[in-house]
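> Here's my sequence, what's the structure:
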Amino acid sequence: MTNLEKLWDYQSADVAVDRLQNEMKRSPTRIKLLKCRENLEEQQKNYKRIESEISVMADRLEALKDALTRAENSLKALQTKIETAPATNSEEAAAYIADVRKLRDSILNYEKEISKIRKDAQDREKQQHDVKVKYAKYKNEFAALKEVYDAEYAEKTKELEALKAVVQEKAKDIPADLMEKYQQIKHHSVPPLSKLTGDKCGGCNMNLPSGAVRSIKNGEFVECETCGRLVTL
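Down below sits the predicted model:
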(Lines give C-alpha, C1' and ligand atoms only; values in the text may rest on other atoms or scores of the structure.)
Protein backbone atom coordinates (compact mmCIF):
# COMPACT_ATOMS: atom_id res chain seq x y z
CA MET A 1 0.00 0.00 0.00
CA THR A 2 1.46 3.39 -1.01
CA ASN A 3 1.65 6.30 1.39
CA LEU A 4 -1.19 8.05 -0.44
CA GLU A 5 -3.31 4.92 -0.16
CA LYS A 6 -2.52 4.76 3.55
CA LEU A 7 -3.44 8.42 3.89
CA TRP A 8 -6.71 7.81 2.05
CA ASP A 9 -7.45 4.96 4.40
CA TYR A 10 -6.59 7.23 7.34
CA GLN A 11 -8.88 9.94 5.99
CA SER A 12 -11.84 7.53 5.90
CA ALA A 13 -11.39 6.91 9.64
CA ASP A 14 -10.73 10.60 10.34
CA VAL A 15 -13.91 11.60 8.49
CA ALA A 16 -15.87 9.08 10.56
CA VAL A 17 -14.58 10.77 13.75
CA ASP A 18 -15.50 14.24 12.48
CA ARG A 19 -18.92 13.02 11.38
CA LEU A 20 -19.68 11.53 14.79
CA GLN A 21 -18.42 14.63 16.62
CA ASN A 22 -20.66 16.84 14.48
CA GLU A 23 -23.54 14.44 15.03
CA MET A 24 -23.03 14.74 18.79
CA LYS A 25 -22.98 18.55 18.57
CA ARG A 26 -26.17 18.58 16.48
CA SER A 27 -27.96 16.05 18.68
CA PRO A 28 -31.65 17.10 18.98
CA THR A 29 -31.48 16.28 22.70
CA ARG A 30 -28.37 18.46 23.16
CA ILE A 31 -29.97 21.34 21.25
CA LYS A 32 -33.11 21.10 23.40
CA LEU A 33 -30.95 20.93 26.54
CA LEU A 34 -29.00 24.06 25.56
CA LYS A 35 -32.22 25.90 24.74
CA CYS A 36 -33.70 24.86 28.07
CA ARG A 37 -30.57 26.13 29.84
CA GLU A 38 -30.93 29.45 28.03
CA ASN A 39 -34.53 29.65 29.22
CA LEU A 40 -33.44 28.97 32.80
CA GLU A 41 -30.78 31.68 32.62
CA GLU A 42 -33.29 34.10 31.12
CA GLN A 43 -35.76 33.47 33.96
CA GLN A 44 -32.98 33.97 36.52
CA LYS A 45 -32.12 37.32 34.91
CA ASN A 46 -35.79 38.31 34.82
CA TYR A 47 -36.22 37.43 38.51
CA LYS A 48 -33.16 39.48 39.52
CA ARG A 49 -34.32 42.42 37.38
CA ILE A 50 -37.81 42.38 38.92
CA GLU A 51 -36.33 41.97 42.40
CA SER A 52 -34.14 45.02 41.80
CA GLU A 53 -37.11 47.04 40.51
CA ILE A 54 -39.17 46.10 43.59
CA SER A 55 -36.29 47.15 45.84
CA VAL A 56 -36.07 50.55 44.10
CA MET A 57 -39.85 50.96 44.42
CA ALA A 58 -39.72 50.10 48.14
CA ASP A 59 -37.02 52.73 48.74
CA ARG A 60 -38.99 55.32 46.77
CA LEU A 61 -42.18 54.42 48.64
CA GLU A 62 -40.51 54.97 52.01
CA ALA A 63 -39.15 58.33 50.82
CA LEU A 64 -42.62 59.35 49.59
CA LYS A 65 -44.26 58.31 52.87
CA ASP A 66 -41.77 60.47 54.77
CA ALA A 67 -42.36 63.38 52.40
CA LEU A 68 -46.15 62.94 52.72
CA THR A 69 -45.95 62.93 56.51
CA ARG A 70 -43.89 66.11 56.47
CA ALA A 71 -46.31 67.79 54.06
CA GLU A 72 -49.32 66.77 56.16
CA ASN A 73 -47.63 68.05 59.34
CA SER A 74 -46.75 71.28 57.58
CA LEU A 75 -50.38 71.68 56.49
CA LYS A 76 -51.63 71.07 60.03
CA ALA A 77 -49.12 73.58 61.39
CA LEU A 78 -50.22 76.10 58.77
CA GLN A 79 -53.88 75.56 59.61
CA THR A 80 -53.10 76.09 63.29
CA LYS A 81 -51.22 79.27 62.42
CA ILE A 82 -54.14 80.53 60.34
CA GLU A 83 -56.49 79.87 63.27
CA THR A 84 -54.27 81.51 65.88
CA ALA A 85 -53.03 84.35 63.68
CA PRO A 86 -55.69 85.09 61.05
CA ALA A 87 -54.83 87.22 58.07
CA THR A 88 -55.24 90.93 58.71
CA ASN A 89 -55.28 91.97 55.07
CA SER A 90 -55.80 90.60 51.58
CA GLU A 91 -52.09 90.10 50.98
CA GLU A 92 -51.68 87.90 54.06
CA ALA A 93 -54.87 86.00 53.13
CA ALA A 94 -53.57 85.41 49.60
CA ALA A 95 -50.22 84.19 51.00
CA TYR A 96 -52.01 81.75 53.35
CA ILE A 97 -54.15 80.48 50.48
CA ALA A 98 -51.10 80.01 48.24
CA ASP A 99 -49.22 78.09 50.97
CA VAL A 100 -52.24 75.86 51.67
CA ARG A 101 -52.74 75.15 47.95
CA LYS A 102 -49.04 74.33 47.49
CA LEU A 103 -49.05 71.87 50.40
CA ARG A 104 -52.29 70.24 49.27
CA ASP A 105 -50.95 69.89 45.73
CA SER A 106 -47.79 68.28 47.12
CA ILE A 107 -49.85 65.91 49.27
CA LEU A 108 -52.03 64.99 46.28
CA ASN A 109 -48.98 64.34 44.08
CA TYR A 110 -47.35 62.21 46.78
CA GLU A 111 -50.55 60.19 47.23
CA LYS A 112 -50.86 59.67 43.46
CA GLU A 113 -47.26 58.49 43.15
CA ILE A 114 -47.63 56.22 46.19
CA SER A 115 -50.76 54.69 44.67
CA LYS A 116 -48.97 54.15 41.34
CA ILE A 117 -45.93 52.56 43.00
CA ARG A 118 -48.14 50.19 44.99
CA LYS A 119 -49.93 49.15 41.78
CA ASP A 120 -46.60 48.72 39.95
CA ALA A 121 -45.25 46.70 42.87
CA GLN A 122 -48.27 44.40 42.71
CA ASP A 123 -47.67 43.96 38.97
CA ARG A 124 -44.00 43.13 39.64
CA GLU A 125 -44.97 40.60 42.30
CA LYS A 126 -47.28 38.92 39.80
CA GLN A 127 -44.47 38.92 37.22
CA GLN A 128 -42.16 37.44 39.85
CA HIS A 129 -44.66 34.66 40.52
CA ASP A 130 -44.95 33.93 36.79
CA VAL A 131 -41.15 33.78 36.51
CA LYS A 132 -40.99 31.29 39.39
CA VAL A 133 -43.57 29.09 37.67
CA LYS A 134 -41.68 29.22 34.37
CA TYR A 135 -38.35 28.55 36.11
CA ALA A 136 -39.75 25.47 37.87
CA LYS A 137 -41.13 24.21 34.54
CA TYR A 138 -37.82 24.68 32.71
CA LYS A 139 -35.86 23.18 35.63
CA ASN A 140 -37.91 19.99 35.52
CA GLU A 141 -37.61 19.87 31.74
CA PHE A 142 -33.83 20.41 31.98
CA ALA A 143 -33.44 17.60 34.51
CA ALA A 144 -35.40 15.16 32.32
CA LEU A 145 -33.48 16.13 29.18
CA LYS A 146 -30.12 15.93 30.95
CA GLU A 147 -30.80 12.38 32.06
CA VAL A 148 -31.56 11.37 28.48
CA TYR A 149 -28.60 13.33 27.10
CA ASP A 150 -26.11 11.94 29.64
CA ALA A 151 -27.00 8.38 28.62
CA GLU A 152 -26.84 9.33 24.92
CA TYR A 153 -23.52 11.15 25.40
CA ALA A 154 -21.96 8.23 27.28
CA GLU A 155 -22.89 5.83 24.48
CA LYS A 156 -21.65 8.15 21.73
CA THR A 157 -18.42 8.85 23.65
CA LYS A 158 -17.59 5.14 23.72
CA GLU A 159 -18.19 4.97 19.98
CA LEU A 160 -16.07 8.09 19.44
CA GLU A 161 -13.17 6.76 21.50
CA ALA A 162 -13.21 3.54 19.47
CA LEU A 163 -13.08 5.52 16.21
CA LYS A 164 -10.26 7.73 17.53
CA ALA A 165 -8.29 4.59 18.43
CA VAL A 166 -8.65 3.42 14.82
CA VAL A 167 -7.46 6.82 13.57
CA GLN A 168 -4.40 6.74 15.86
CA GLU A 169 -3.55 3.24 14.72
CA LYS A 170 -3.76 4.15 11.03
CA ALA A 171 -1.65 7.28 11.59
CA LYS A 172 1.33 5.18 12.74
CA ASP A 173 2.14 4.02 9.19
CA ILE A 174 2.01 7.49 7.62
CA PRO A 175 5.17 9.64 7.34
CA ALA A 176 5.16 12.65 9.69
CA ASP A 177 5.63 15.19 6.88
CA LEU A 178 2.67 13.77 4.95
CA MET A 179 0.50 13.80 8.08
CA GLU A 180 1.49 17.40 8.74
CA LYS A 181 0.54 18.30 5.17
CA TYR A 182 -2.82 16.57 5.65
CA GLN A 183 -3.56 18.57 8.80
CA GLN A 184 -2.55 21.85 7.12
CA ILE A 185 -4.91 21.23 4.21
CA LYS A 186 -7.70 20.22 6.60
CA HIS A 187 -7.73 23.76 8.01
CA HIS A 188 -9.14 25.09 4.73
CA SER A 189 -10.44 22.06 2.80
CA VAL A 190 -12.39 19.12 4.21
CA PRO A 191 -11.73 16.39 3.40
CA PRO A 192 -8.07 17.11 2.59
CA LEU A 193 -7.81 14.32 -0.02
CA SER A 194 -9.90 13.94 -3.15
CA LYS A 195 -10.09 11.43 -5.97
CA LEU A 196 -9.18 12.16 -9.56
CA THR A 197 -12.38 12.12 -11.62
CA GLY A 198 -11.46 12.14 -15.31
CA ASP A 199 -9.17 15.13 -15.42
CA LYS A 200 -10.91 16.94 -12.55
CA CYS A 201 -10.37 17.28 -8.84
CA GLY A 202 -13.08 15.31 -7.10
CA GLY A 203 -13.12 17.88 -4.27
CA CYS A 204 -13.84 21.11 -6.15
CA ASN A 205 -14.70 19.62 -9.58
CA MET A 206 -12.22 21.90 -11.36
CA ASN A 207 -10.08 20.76 -14.33
CA LEU A 208 -6.46 19.89 -13.58
CA PRO A 209 -3.54 20.57 -15.96
CA SER A 210 -2.60 17.58 -18.08
CA GLY A 211 0.84 17.46 -16.44
CA ALA A 212 -0.78 17.26 -13.01
CA VAL A 213 -3.07 14.45 -14.19
CA ARG A 214 -0.08 12.47 -15.46
CA SER A 215 1.75 12.99 -12.16
CA ILE A 216 -1.27 11.76 -10.20
CA LYS A 217 -1.51 8.66 -12.39
CA ASN A 218 2.19 8.05 -11.75
CA GLY A 219 1.49 8.00 -8.02
CA GLU A 220 3.03 11.42 -7.25
CA PHE A 221 1.75 13.92 -4.67
CA VAL A 222 -0.23 16.64 -6.45
CA GLU A 223 -2.16 19.51 -4.85
CA CYS A 224 -5.15 20.94 -6.66
CA GLU A 225 -4.33 24.50 -7.74
CA THR A 226 -7.92 25.56 -6.97
CA CYS A 227 -8.81 24.03 -3.58
CA GLY A 228 -5.41 22.88 -2.35
CA ARG A 229 -6.45 19.27 -1.76
CA LEU A 230 -4.12 16.36 -2.37
CA VAL A 231 -5.50 14.53 -5.38
CA THR A 232 -5.09 10.77 -5.74
CA LEU A 233 -6.38 7.99 -7.91
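> Show me which parts of stretch 109-120 are buried, residue by residue.
Residues 110, 114, 117 are the ones in stretch 109-120 that count as buried (16 or more other Cβ atoms under 10 Å). From N, CA and C alone the C-beta is placed, and that goes for glycine too.
> For the first one, which non-adjacent residue is closest in space?
So that's Tyr110. Among residues not flanking Tyr110 along the chain, Leu68 sits closest, at 4.3 Å (Cβ to Cβ, 6 or more residues apart in numbering).
> where does that neighbour land on pLDDT?
Leu68 is assigned 96 on the pLDDT scale.
> May I have the residues that are in contact with it?
Contacts of Leu68 were listed using Cβ atoms under 8 Å, 6 or more residues apart in numbering, and they are 107, 110-111, 114.
> How many neighbouring residues does Trp8 have?
Other residues lying near Trp8 total 18 when counted by other Cβ atoms under 10 Å.
> in what helix or strand does it lie?
Per DSSP states H and E: Trp8 is located in helix 3-25.
> So which of the buried residues of stretch 109-120 is the closest to Val148?
Nearest to Val148 out of the buried residues of stretch 109-120 is Ile117 (Cβ to Cβ; 46.1 Å).
> thought that closest one was touching Leu64?
Yes: between Ile117 and Leu64 there is a contact under Cβ atoms under 8 Å: 7.2 Å.
> Beyond the helix holding Trp8, next helix or strand please.
Next helix or strand after helix 3-25 toward the C-terminus (DSSP H and E): helix 28-84.
> tell me the angle that next one makes with helix 3-25.
Per axes from the mean of the first three to the mean of the last three Cα atoms, to 10 degrees, the angle that helix 28-84 makes with helix 3-25 is 40 degrees.
> okay, the angle between whichever helix or strand comes after helix 28-84 and helix 28-84?
Per DSSP H and E, the first helix or strand lying C-terminal to helix 28-84 is helix 90-171. Per the same axes, to 10 degrees, the angle that helix 90-171 makes with helix 28-84 is 170 degrees.
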